[in-house]
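Asker: Could you look at this predicted model? Sequence included:
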Amino acid sequence: MHEPMFFIVSKSFAFVLAPVHFFIFLAVIGATLLFTRWKTWGRALSTVSALALLLMAFGPLGGLLAGPLEARFPPPPDDMPAPDGIIVLGGTIDERLSASRDRPTLVDAAERLTAPIALKRKYPNARLVFTGGSAAPQASPYSEADAVQRFWREIGLDQGDVLYERRSRNSYENAVFTHELLRPKPGARWLLVTSAIHMPRAVGVFRQAGFDVIAYPVDYRTSGDSGLEFPRFATKALGLVEFAAHEWAGLVAYRLTGKSDALFPAP
């Protein structure tokens, strides 16, 4: 499948089949059927949808889905040799709010942007690269890289050798366009900074693109304990289910389309 079509199809499926969206749609269908001759089906669909949403909002499902993803790549040791470069993935900026407010507006994955600041100070000779354009389905003149560049400049990060990749719209394009930008030499060691839950899929596509990456996971959503985790807030629980389900589906889709080097990449 050509990349533009893959992008459109993946975004469409992600919207409709996202667990919360799916069961809300199913509940609406079920409620509608209650006013027809298919009342039995309506009651069944409504009941299943309500129970599923209840489990996602107040049960341990989010942690069960996210835990294996976050545990797949542990952080590197503090005394590791200095890397040749640091690649930071997008997914940190609310593009719509940033454009309308004319200032960088960070989402809850902001650690993807703060951790590289400390890494750059620790490894001053490592090349820092941010990759992220616009994930909007329609073309946007505003890229995530623009906001990140402004954010890092405002907090005092030296911009002298920082590179920005502004075309990519998803993880696969992050890897491909960053490879085009850097032309990494064989044996070069690159730290890959992204959310821990996203790290398996990110490592798979960057390896497939020709990078020797070292995972540097940030933005953890689970505690890492072996026991079941019950959320305090339903909204956060639903968000975790959505995020984790998206990553599992992405792992399968990327492997089936040849965009990743493994179904579940490992260290």
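Answerer: Yep, that arrived.
Asker: So which residues of this structure form helices?
Answerer: With DSSP state H as the criterion, the chain has helices at 3-17, 19-33, 39-58, 61-71, 95-101, 111-122, 144-154, 171-182, 199-209, 234-256.
Asker: I figured residue 86 hits residue 188, correct?
Answerer: No. Here residue 86 lies out of contact with residue 188, judged by C-beta atoms under 8 Å, at a distance of 11.9 Å. (C-beta placed from N, C-alpha, C; glycine too.)
Asker: The two: who's more crowded?
Answerer: residue 86 (23 against 14; other C-beta atoms under 10 Å).
Asker: Name all residues that make contact with residue 82.
Answerer: Contacts for residue 82 (C-beta atoms under 8 Å, 6 or more residues apart in numbering) come out as 123, 125, 126.
Asker: Closest to residue 25 out of the residues you listed?
Answerer: residue 126 (46.2 Å; C-beta to C-beta).
Asker: From what I see, that closest one and residue 120 are in contact.
Answerer: Yes. The pair residue 126 / residue 120 is scored as a contact, 7.0 Å apart, by C-beta under 8 Å.
Asker: Most remote residue from the middle of the chain, which is it?
Answerer: No residue in the chain sits farther from the centre than residue 37, which is 43.4 Å out by C-alpha atoms, centre = their mean.
Asker: Spatially nearest residue to the most centrally placed residue in the chain (excluding sequence neighbours)?
Answerer: The centre of the chain sits closest to residue 198, judged by C-alpha atoms, centre = their mean, with a distance of 4.9 Å. With sequence-adjacent residues excluded and distances taken as C-beta to C-beta, 6 or more residues apart in numbering, residue 198 is closest to residue 247, at 6.1 Å.
Asker: and the one you found, how many neighbours does it have?
Answerer: Residues near residue 247, counting by other C-beta under 10 Å: 21.
Asker: For it, which residues are in contact?
Answerer: Residue 247 makes contacts with 69, 197, 198, 200, 201, as judged by C-beta under 8 Å, 6+ apart.
Asker: For residue 38, see how far away it is.
Answerer: 36 Å (C-beta to C-beta, to the nearest Å).
Asker: Equivalent analysis for residue 259, please.
Answerer: Computed with C-beta to C-beta, the distance linking residue 259 and residue 38 is 41 Å.
Asker: possible to save the contacts of residue 82 as a markdown table with distance to residue 144 and neighbour count?
Answerer: Shown next, in a markdown table, are the contacts of residue 82 (distance: C-beta to C-beta, whole Å; neighbours: other C-beta atoms under 10 Å):
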| residue | distance to residue 144 | neighbour count |
| --- | --- | --- |
| 123 | 24 | 18 |
| 125 | 26 | 10 |
| 126 | 22 | 19 |
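Asker: Turn these into TSV, including pLDDT.
Answerer: As requested, the contacts of residue 82 are arranged in TSV below (pLDDT from 0 to 100):
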residue	pLDDT
123	95
125	94
126	95
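Asker: Restricted to strands, list these.
Answerer: Judged by DSSP state E, strands contain none of the contacts of residue 82.
Asker: So what's the residue count around residue 187?
Answerer: Neighbours of residue 187 using other C-beta under 10 Å come to 7.
Asker: need the contact list for residue 144.
Answerer: 90, 91, 92, 93, 95, 132, 133, 134, 135.
Asker: can you tell me how far it sits from residue 56?
Answerer: Look at residue 144 and residue 56: by C-beta to C-beta, they are 28 Å apart.
Asker: which sections of this protein are below the confidence cut-off?
Answerer: 1-14, 16, 136-141, 226-227 (pLDDT under 70).
Asker: related to what we said a few turns ago, what remains of the contacts of residue 247 if I keep only buried residues?
Answerer: Listed as buried from these are 69, 197, 198, 200, 201; burial here means 16 or more other C-beta atoms under 10 Å.
Asker: Excluding chain neighbours, what is closest to the second one?
Answerer: Looking back up the chat, that one is residue 197. Leaving aside its sequence neighbours, residue 197 sits nearest to residue 69 (C-beta to C-beta, 6+ apart; 4.8 Å).
Asker: same deal with residue 80?
Answerer: Leaving out its chain neighbours, the residue that sits closest to residue 80 by C-beta to C-beta, 6+ apart is residue 214, at 7.5 Å.
Asker: Cheers, nothing more for now.
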